[in-house]
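Colleague: Pasting a predicted model and its sequence here:
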Amino acid sequence: MARHRNVRGLKYDEDFEDDDVYGQSVEDDYCISPATAAQFIYKRDDYNRRAFAEEPLEEGDEYAEGEAAEPSHNNQPIPSGVDQARLYSCLDKMREVLGESVSEQAMVDAVLNSQYDAHKALELVLSEECQQPSKIKSAAPTRKSTIGKAREQSARVDAEIVPKVAKMTVSGKQITGFNIPSANTDENDHLRKGTVAEEAFPSPGPEASSKPNSTAHVALLTEEATAVQTLSKGSAKARQQIDVKAELEKRQGGKQLLNLVVIGHVDAGKSTLMGHLLYLLGKVNKRIMHKYEQESKKAGKASFAFAWVLDETGEERERGVTMDVGMTTFETKTKVITLMDAPGHKDFIPNMITGAAQADVAILVVDASRGEFEAGFEAGGQTREHALLVRSLGVTQLAVAVNKMDQVNWQPERFKEISNKLGHFMKQAGFKDSDVAYIPTTGLNGENLTTRSQVPELKVWYNGPCLLEQIDSFKSPQRPVEKPFRLCVADVFKDQGSGFSVTGKIEAGYVQTGDRVLIMPPNETCTVKGIALHDEPLDWAAAGDHVTLTVTGVDIIKINVGCIFCDPKAPIKTCTRFRARVLIFSIDIPITQGLPVLLHYQTLSEPCTIRRLVSILHKSTGEVLKKKPKCLTKGQNALIELQAQRPVSLELYKDFKELGRFMLRYSGSSIAAGVVTEIKE
Ligand code: GDP
């Protein structure tokens, strides 16, 4: 189960806006302050410094057996303080181009000789390599060792994926995540050249191989030097072509991936239901469950033991409400499910939107107890708002868990009453009858969750699917893998080691390790060093995958929740002014020109103003009913123009359905859902 705090991406101002409404402080919500965030951000140098102090510079297994150690001539001492930080920044940049093909010391020397100018240092190293190719590690000192290493490394390509191991590199930096010596990395491009050279020049035997000036060796060195030159161009590298659709079908044992969000009014029993479901599926071990039972009893909240499986933070447990979006995975017969448990409390609806924006399908949990269902469903309750939000965010299939049925003795009348009331509303919200299923459950007792319930009171009138069967029968949506790559950042965090990680759902296209991707805004590029899906390292991931990318080459401070990672060749559009067709929700006060709203787009929330009310449209035909209206009232369809304070990256609905939708909120309430129709400037 992975849940990362939105340390980097918090927009404190906006949170204060919402918080003003609810009278809460940011620190209360997130247990994190800007100062704490800074503490996370500036960790890297500490790591490096510590690593340097404690670990001697060692070359590790960089050299094949029998290889001479790097000549230590000209070695310069590592500077300290700010210069050390400048040095590491240059080394990072150089390593992006050179990979591990040049020794650390040679790079350090070049940086120091070029006064911390990464470009100059790179040129220096490359020109030196051309003149003295023996400095290129894989070319030195013999052809045999190069080829041996090349073979060894290519043999490791498939086998050696080392997950989540912290280790020290030659620079003394600590890295974690995973080493993927995949066929498409720079390093392996370089190594492949060695293999080609081997075929071109049959092995001249051990003696010849030890002669540095043999013809074969010279040819190889030329190859290697060319390889380094090619790498220095960076972008010239062609990524290995993969048939993503075919690979996706093969992956996960042929199981399809589905992102599921659990929504519903606070206290409907969402966390208990899903916690119990995970327990029954064996995702929580008995010892931990026992611990939760003991702890929750001690805290006087025994009935919350299952909810604790998902409510991970101390504050959530103390308050007994889910605040953040919890995330975990489980499997059904035909699918691998990424589960997001969204907060039900109205204070945390922005978090819920973030969760729902990444979901394909939803489970709406309602409390069947008398009075409780009504409280959640009537005005002010979150049942309606959540259902409307997920529909507006593109979710079309829904399972309604009519929960706490034990509280009403499994009465079929109550179940019917709730299904009828909700059914009527769901239709209005835009769900097809056939895409909404109603399942009677009790999360606390675990009835009708993973197996069909045998409770006699239920069996007499219900023979439909249990919750897990229903989840399994959801249709997996089409994944737009053929479109340009798009990932919306849901979280940014600093792990150990160089670079940092972002999580998010890939909305379109696919990404491979080694890819350079563009981040919008702030219009920066970075290199994807690692990809993890459900904590498993992978070489690639595609639309629909909820992944963690480890990236380098960009400063973490520039990346926020809501940024879009995209294909540099087909970047997402960025603007501050755009037009949209909106559906106005049930609002009390009409919307007028100039209204300040909060734009929720995927994982982004950004202050905007309604710059212009262009026209009122006919709901189904789209025909203009009135131009330049003075105001918009509930239930109306309209064309409006929005002005953002800062640039936002958006897609037109007609181009990217998934990325063309957004929500507008005002004063803590969702007031409209919209689709982007025109990008102005
Ligand atoms: P959430 O806010 O929707 O996540 O709700 P929780 O899972 O935290 O549950 C709120 C309360 O309802 C807790 O006291 C649970 O023990 C209780 N609860 C949850 N499911 C059931 C159920 O099926 N039957 C009964 N009787 N109580 C339940």
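Modeller: Nice, thanks for sending it over. Quantities reported herein were computed from a predicted structural model and do not represent experimental measurements. Numbers count the residues shown, from 1 in each chain.
Colleague: Could you find the closest non-adjacent residue to residue 582?
Modeller: residue 674 (3.8 Å; Cβ to Cβ, 6 or more residues apart in numbering). C-beta here means a position set from N, CA and C on the backbone, and glycine is covered the same way.
Colleague: what's in contact with whichever strand or helix holds that neighbour?
Modeller: Assigned by DSSP states H and E, residue 674 belongs to strand 669-679. Outside strand 669-679, the residues within contact range by Cβ atoms under 8 Å, 6 or more residues apart in numbering are 349, 385, 388-389, 391-393, 573, 575, 578-585, 587, 591, 597, 639-640, 650-654, 660-665.
Colleague: quick one: the residue nearest to residue 582 from residue 584, how far?
Modeller: 10 Å (Cβ to Cβ, to the nearest Å).
Colleague: Comparing the two, which residue is more hemmed in?
Modeller: residue 674 (26 against 21; other Cβ atoms under 10 Å).
Colleague: now that one: how far from the ligand?
Modeller: 28 Å (Cβ to the nearest ligand atom, to the nearest Å).
Colleague: for residue 637, same thing?
Modeller: From residue 637 to the ligand the distance is 33 Å (Cβ to the nearest ligand atom).
Colleague: tally of neighbours for that residue?
Modeller: 20.
Colleague: close enough to count as contact, it and residue 617?
Modeller: Yes. The criterion here is Cβ atoms under 8 Å, and residue 637 meets it with residue 617 at 4.5 Å.
Colleague: intersection of neighbour lists for the two?
Modeller: residue 581.
Colleague: Buried residues, the strand holding residue 674. List them.
Modeller: 669-677, 679 (16 or more other Cβ atoms under 10 Å).
Colleague: In its sheet, which strands sit next to it, and in what direction?
Modeller: strand 573-584 (antiparallel), strand 661-666 (antiparallel) (DSSP bridges).
Colleague: Can you work out which other helices and strands pack against the host helix or strand of residue 278?
Modeller: Element membership for residue 278 (DSSP H and E) is helix 270-280. For helix 270-280, the packing partners by 3 or more Cβ pairs under 8 Å, 6 or more residues apart in numbering; DSSP states H and E come out as strand 256-263, helix 307-310, strand 326-331, strand 335-341, helix 467-472.
Colleague: Determine which of these approaches the ligand most closely.
Modeller: helix 307-310 (3.9 Å; Cβ to the nearest ligand atom).
Colleague: picking up where we left off before, export the strands paired with strand 669-679 to CSV and tack on mean pLDDT and distance to the ligand?
Modeller: Listed next are the strands paired with strand 669-679 as CSV, based on pLDDT from 0 to 100; distance: least, Cβ to the nearest ligand atom, whole Å:
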stretch, mean pLDDT, distance to the ligand
strand 573-584, 94, 27
strand 661-666, 89, 21
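Colleague: Relative to residue 479, which of the ones you listed is closest?
Modeller: Closest to residue 479 of the strands paired with strand 669-679, according to Cβ to Cβ: strand 661-666, at 17.1 Å.
Colleague: buried residues in the closest one?
Modeller: Neighbour count says strand 661-666 has 661-666 buried, by 16+ other Cβ under 10 Å.
Colleague: and what of stretch 414-427?
Modeller: 414-415, 418-419, 422, 426.
Colleague: Tell me which of the residues you listed fall in strands.
Modeller: Secondary structure assignment by DSSP state E places none of the buried residues of stretch 414-427 in strands.
Colleague: which one of those is nearest residue 374?
Modeller: For the buried residues of stretch 414-427, the nearest to residue 374 is residue 418 (9.6 Å; Cβ to Cβ).
Colleague: about what we covered before: next, give me the two most distant ones among the buried residues of strand 669-679.
Modeller: Maximum distance among these (Cβ to Cβ): 26.9 Å, for 669 and 679.
Colleague: Report the helix or strand with the lowest average pLDDT across the protein.
Modeller: strand 167-168 (a mean of 24; mean pLDDT, DSSP states H and E).
Colleague: How many residues are close by residue 430?
Modeller: As a measure of burial, residue 430 has 13 neighbours, counting by other Cβ under 10 Å.
Colleague: okay, it: pLDDT?
Modeller: Here the pLDDT value assigned to residue 430 is 82.
Colleague: Equivalent analysis for residue 440, please.
Modeller: Per the predicted model, pLDDT is 96 at residue 440.
Colleague: ok, residue 111 - contacts?
Modeller: Counting by Cβ under 8 Å, 6+ apart, residue 111 has contacts 87, 90-91, 94, 118, 121.
Colleague: try it again with 6 Å
Modeller: 87, 90, 121 (Cβ atoms under 6 Å, 6 or more residues apart in numbering).
Colleague: Just checking, which helix or strand succeeds the helix or strand harbouring it along the chain?
Modeller: Using DSSP H and E, residue 111 maps to helix 104-113. Per DSSP H and E, the first helix or strand lying C-terminal to helix 104-113 is helix 118-131.
Colleague: JSON lines for the buried residues of stretch 414-427, including pLDDT and distance to residue 531?
Modeller: Formatted as JSON lines, those follow (pLDDT from 0 to 100; distance: Cβ to Cβ, whole Å):
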{"residue": "414", "pLDDT": "95", "distance to residue 531": "47"}
{"residue": "415", "pLDDT": "96", "distance to residue 531": "44"}
{"residue": "418", "pLDDT": "95", "distance to residue 531": "43"}
{"residue": "419", "pLDDT": "95", "distance to residue 531": "42"}
{"residue": "422", "pLDDT": "93", "distance to residue 531": "39"}
{"residue": "426", "pLDDT": "90", "distance to residue 531": "37"}
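Colleague: Can you pick out the most distant pair from those residues?
Modeller: Pairwise over the buried residues of stretch 414-427, using Cβ to Cβ, the maximum falls at 414 and 426, 18.1 Å.
Colleague: For the ligand, see how far away residue 677 is.
Modeller: Taking Cβ to the nearest ligand atom, one finds residue 677 at 36 Å from the ligand.
Colleague: Out of the contacts of residue 111, who's the most crowded?
Modeller: Neighbour max across these (other Cβ under 10 Å) = residue 121, 25 neighbours.
Colleague: right, and that residue touches residue 114 too?
Modeller: Yes. The pair residue 121 / residue 114 is scored as a contact, 4.3 Å apart, by Cβ atoms under 6 Å.
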